[in-house]
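> generate coordinates for the sequence data below:
(chains A and B)
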Protein chains: 2
Amino acid sequence: MQNFIFKNPTEILFGRGMIAKLAERVPTDSPVLLLYGGGSIRRNGVYDQVKAALSAHRVIEFGGIEANPVYETCLKALEQVKANQVGFILAVGGGSVIDAAKFIAAAARFEGAEPWEILRTGGAGIKAALPLGTVLTLPATGSESNGNAVISRKATQEKLALASGLVFPAFSVLDPEVTFSLPRKQVRNGIVDAFIHVMEQYMTYPAAAPLQDRFSESILQTLVEVGPLTLAEPENYDARAAFMWSATLALNTLIACGVPQDWSTHMIGHELTAFYGLDHAETLAIVLPGVWTHELERKKAKLEQYGARVWKVEAAASAIAETEKFFHSLGMPTHFGDYKISADEAAEKVRGRFAERHTLLGEHGDLTPDAVAAILRSRA
Amino acid sequence: MQNFIFKNPTEILFGRGMIAKLAERVPTDSPVLLLYGGGSIRRNGVYDQVKAALSAHRVIEFGGIEANPVYETCLKALEQVKANQVGFILAVGGGSVIDAAKFIAAAARFEGAEPWEILRTGGAGIKAALPLGTVLTLPATGSESNGNAVISRKATQEKLALASGLVFPAFSVLDPEVTFSLPRKQVRNGIVDAFIHVMEQYMTYPAAAPLQDRFSESILQTLVEVGPLTLAEPENYDARAAFMWSATLALNTLIACGVPQDWSTHMIGHELTAFYGLDHAETLAIVLPGVWTHELERKKAKLEQYGARVWKVEAAASAIAETEKFFHSLGMPTHFGDYKISADEAAEKVRGRFAERHTLLGEHGDLTPDAVAAILRSRA
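The predicted model follows:
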């Protein structure tokens, strides 16, 4: 097992009716920024529940955070924070709104020249941040219980990440009922996103971390069991609750303790979203089987362990095949052809980007831009 | 799944050499109380490592915390805290030293008449506490990453517990190497203790919490795999590390989220320790199979699930038998006869205590003193 440092101070308030607890969790001594996205929270009743809980608070609202949150929009929210001397940010939404809240919280206390520096340093430039809390409406990213965020800058077409122990939410409310009305596609995406978050921390090589492996496999098995069920029965509380808790634990950094990681699929997927506008999870489902097949020899031991424990199959190739079948069972395509995108073109575009930045991926840090291109060509 | 609130802010510093990080984790602005037990830390090198890390700190030492920490001893440490205006407590030891540190930390900030009130209220009386950190030398209790403590009072023969979010350690250092020199019996006890901690949060009835179940089973499976190995090879780092991390996650409250619990075995075991001086884990290994057999019908679904997933057996009774075999494989007895104690006498003594206090146990809250006596008689 590798040495590790683990800390996750976020308080999770899980279950029916928990939004009411905002009343006592959100401080009343200064104005609160209520941050949200496209407005679905006004249609599904979440907005009303939140406002009712915050009836004793001074609330400044800011809506319109995008699906891939944009720096320029965050700066507008930041103006509101400064103009109103906001002391707490409450993000109500999915990973994008929460990511935006983290960046705004850090930017509000940033003393450098331009807040983009926070992202250029990957979060290392964060020395303080406003406290924030969240009401999660879309189980997927795990952002409700980690210190990570990804922000895009329109002007320069950049998409950068930050990680800091200072932007963990103080609390996150997870009420499965508020997710009942989510569109099927978003739930499908969330299941695949959570599944692949686990994989990026698990599918490498054996590292004498048997408990971490089993925890990862536990999340995978649960998603395999409840994923199709929660798609078929959106108002089945228990299935939705199990999915929601699985998505949080998939990326609250617990399963990453003491093990190697390989975020290749995410790194490649981000480029595909930038070039083609595919949903994040859609890109991951295309890329993952390609990375595994390309790296089959080096990931063989873990692929076989995964296959045996999750799918009861022996061969590494069968484990890959079962995974694709699982994605298909959720209605998730796994090939460029499904989107009428040329795999060769995608391969060249991503190869170019990674070559320009000298990007090397994988748990061994040696997956070259040419290797990435080969992976993408294989996903026609 | 039941509603739940989960928060665990303890930072875990895991691995070789991590004790050195005390230098930056322990504040230097006020004196530090270095709390320890019988002095084994002076023989195994931990004391020297800690002192080296705290070379820039003003350190007040207090040794002699007992295996079941005693209130009267804690009060003596409290005098040192007050006399020296200690601002931070560093517990170096096992669960007993850490439990004592939590109580002392709360007592130092307690404004009531007598610190015993903290325990009489189960910790509810705690409104503030000194910050504390730990260096764990004995994997077993999970106290390094929770807000619980048990303290005994000599004068009145009471043994009471406290639970408070205010006494979670700020950090805990877990270096498997410092446990290499532990006596075999303490390691055996630690494995059984951790195993049964999981069981108290798991072996009840199905509660639509599939991920929590699998996490629990993951810890059980890991203990089954590495328990005998770490006993046979005390200096096998990876085995010891896996055991150590398992023991922490067994009682950091994560697997208790959203599920019913049954702490009968612990409640009964505490009485047996009080009456006969058996080690805590020794009492648990006697009681657990008795509780399960008595409650077989009501725990059947979970016993079968556990048997199938951990032992590949079908019947609930076989799951119980496999568990006893596992304890025996660790050199842990499971009957009163192994200690030349009369089961009938033990049954009567514990029955008397529980009857006097009107104690009802079990996940349904209906296990009577008579039922407990029947359980104990069955363990002759």
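> scan chain A for its longest strand.
If you go by DSSP state E, chain A has its longest strand at strand A:4-14.
> which of the residues in the helix or strand that that strand is followed by are buried?
Using DSSP states H and E, the helix or strand that follows strand A:4-14 in sequence is helix A:22-25. By neighbour count on 16 or more other Cβ atoms under 10 Å in any protein chain shown, the buried set for helix A:22-25 is A:22, A:25. All C-beta atoms are positioned from the backbone trio N, CA, C, and that covers glycine.
> who does the helix or strand that helix A:22-25 is followed by pair up with?
Later in the chain than helix A:22-25, the nearest helix or strand by DSSP H and E is strand A:32-35. In the sheet, strand A:32-35 lines up against strand A:59-62 (parallel), strand A:88-93 (parallel) (DSSP bridges).
> mean confidence score for the first one?
Taken as a whole, strand A:59-62 has a mean pLDDT of 98.
> any residues touching that strand, and which ones?
A:31-36, A:51, A:76-77, A:80-81, A:84, A:86 (Cβ atoms under 8 Å, 6 or more residues apart in numbering or on different chains).
> got the phi and psi for the residue nearest to the spatial centre of chain A?
Compute the mean C-alpha point of chain A, and by Cα atoms, centre = their mean the closest residue is A:T141, 2.4 Å away. Dihedral angles of A:T141 (phi, psi; degrees, to the nearest 10) stand at phi -90, psi -20.
> quick one, what contacts it?
A:94-95, A:98-99, A:193, A:197, A:247, A:251.
> where do the helices sit along the stretch 251-380 of chain A?
For the stretch 251-380 of chain A, applying DSSP state H, counting those that start in this stretch gives helices covering A:264-276, A:280-294, A:300-306, A:316-329, A:343-357, A:369-377.
> over to the stretch 51-200 of chain A?
According to DSSP H, counting those that start in this stretch, the helices that the stretch 51-200 of chain A contains are A:71-83, A:95-108, A:116-120, A:184-202.
> can I get the first one in CSV, CA atoms only?
The C-alpha trace of helix A:71-83 is given here as CSV (Å, rounded to 0.1, in the frame of the first residue of the first chain):
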residue,chain,number,x,y,z
TYR,A,71,-15.3,31.4,-16.0
GLU,A,72,-16.9,34.6,-17.4
THR,A,73,-20.2,33.6,-15.7
CYS,A,74,-18.5,32.9,-12.4
LEU,A,75,-17.0,36.4,-12.5
LYS,A,76,-20.5,37.9,-12.7
ALA,A,77,-21.5,35.9,-9.6
LEU,A,78,-18.3,37.1,-8.0
GLU,A,79,-19.4,40.7,-8.5
GLN,A,80,-22.6,39.9,-6.6
VAL,A,81,-20.6,38.3,-3.8
LYS,A,82,-18.5,41.4,-3.4
ALA,A,83,-21.2,43.9,-3.9
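> please work out which residues outside it touch it.
A:33, A:35, A:60, A:62, A:64-66, A:86, A:89, A:100, A:103-104, A:107-108, A:115-116, A:119, A:130, A:151-155.
> also the shortest one?
Outside helix A:116-120, the residues that touch it by Cβ under 8 Å, 6+ apart are A:71, A:103, A:106-107, A:110, A:112, A:125-126, A:151, A:153, A:158, A:160-162.
> at 7 Å what do you get?
Helix A:116-120 has contacts (Cβ atoms under 7 Å, 6 or more residues apart in numbering or on different chains) with A:71, A:103, A:106-107, A:110, A:125-126, A:151, A:153, A:160, A:162.
> tell me the one among these nearest to chain B.
Nearest to chain B among the contacts of helix A:116-120, counting by Cβ to the nearest Cβ, is A:I126 at 17.5 Å.
> for chain B, see how far away A:R43 is.
25 Å (Cβ to the nearest Cβ, to the nearest Å).
> how about the residues of the stretch 251-380 of chain A near chain B?
A:G258 (Cβ under 7 Å from any Cβ of the partner chain).
> pretty sure A:G258 contacts A:Q201?
No - the criterion here is Cβ atoms under 7 Å, and A:G258 misses it with A:Q201 at 10.6 Å.
> anything in contact with each of these two?
Between them, A:G258 and A:Q201 share no contacting residue, judged by Cβ under 7 Å, 6+ apart.
> more neighbours, these two?
Neighbour count, other Cβ atoms under 10 Å in any protein chain shown: between A:G258 and A:Q201, A:Q201 has more, with 23 against 20.
> pull the number of nearby residues for the closest residue to the more buried one other than its chain neighbours.
Excluding the flanking residues, the one nearest A:Q201 by Cβ to Cβ, 6 or more residues apart in numbering or on different chains is A:A256, at 4.6 Å. If you count neighbours by other Cβ under 10 Å, A:A256 ends up with 20.
> picking that back up, do the longest strand of chain A and chain B meet?
Yes - applying Cβ under 7 Å from any Cβ, one finds strand A:4-14 in contact with chain B at A:4-7, A:9, A:11-14.
> any idea how far chain B is from the residue nearest to A:Q201?
As for A:A256, its distance to chain B is 12 Å (criterion: Cβ to the nearest Cβ).
> quick one: A:T137 and A:F326, what's the gap?
In this view, A:T137 and A:F326 are 25 Å apart by Cβ to Cβ, to the nearest Å.
> compare those two (neighbour count), which wins?
A:T137 (25 against 22).
> in contact with that one, which residues?
A:41, A:46, A:92-94, A:178-179.
> hang on, the earlier thing: now the contacts of helix A:116-120: which count as buried?
A:71, A:103, A:106-107, A:110, A:125-126, A:151, A:160, A:162.
> follow-up on the earlier one: would you turn the strands paired with strand A:32-35 into JSON lines with distance to A:E235 and mean neighbour count?
Formatted as JSON lines, those follow (distance: least, Cβ to Cβ, whole Å; neighbours: other Cβ atoms under 10 Å in any protein chain shown):
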{"stretch": "strand A:59-62", "distance to A:E235": "29", "mean neighbour count": "18"}
{"stretch": "strand A:88-93", "distance to A:E235": "21", "mean neighbour count": "27"}
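> any idea which helix is longest in chain A?
helix A:210-232 (DSSP state H).
> residues of that one that come out buried?
Buried-residue list, helix A:210-232, by 16+ other Cβ under 10 Å: A:210-228, A:230-231.
> burial check on A:A315, number of neighbours?
Neighbour count of A:A315, defined by other Cβ under 10 Å: 14.
> sorry, back to before: the contacts of A:T137: which two are farthest apart?
A:V92 and A:T179 (12.7 Å; Cβ to Cβ).
> distance of A:V97 relative to chain B?
22 Å.
> ok, that residue - how many residues close by?
Residues near A:V97, counting by other Cβ under 10 Å: 29.
> wait, doesn't it sit right on A:I65?
Yes - contact between A:V97 and A:I65 holds when scored by Cβ under 7 Å: they sit 4.8 Å apart.
> quickly list what's touching both of these two.
A:35-37.
> how many neighbours does A:V313 have?
A:V313: 16 neighbours (other Cβ under 10 Å).
> list the contacts of it.
A:307, A:319, A:322.
> show me which of those is closest to chain B.
Nearest to chain B among the contacts of A:V313: A:G307, at 17.4 Å, using Cβ to the nearest Cβ.
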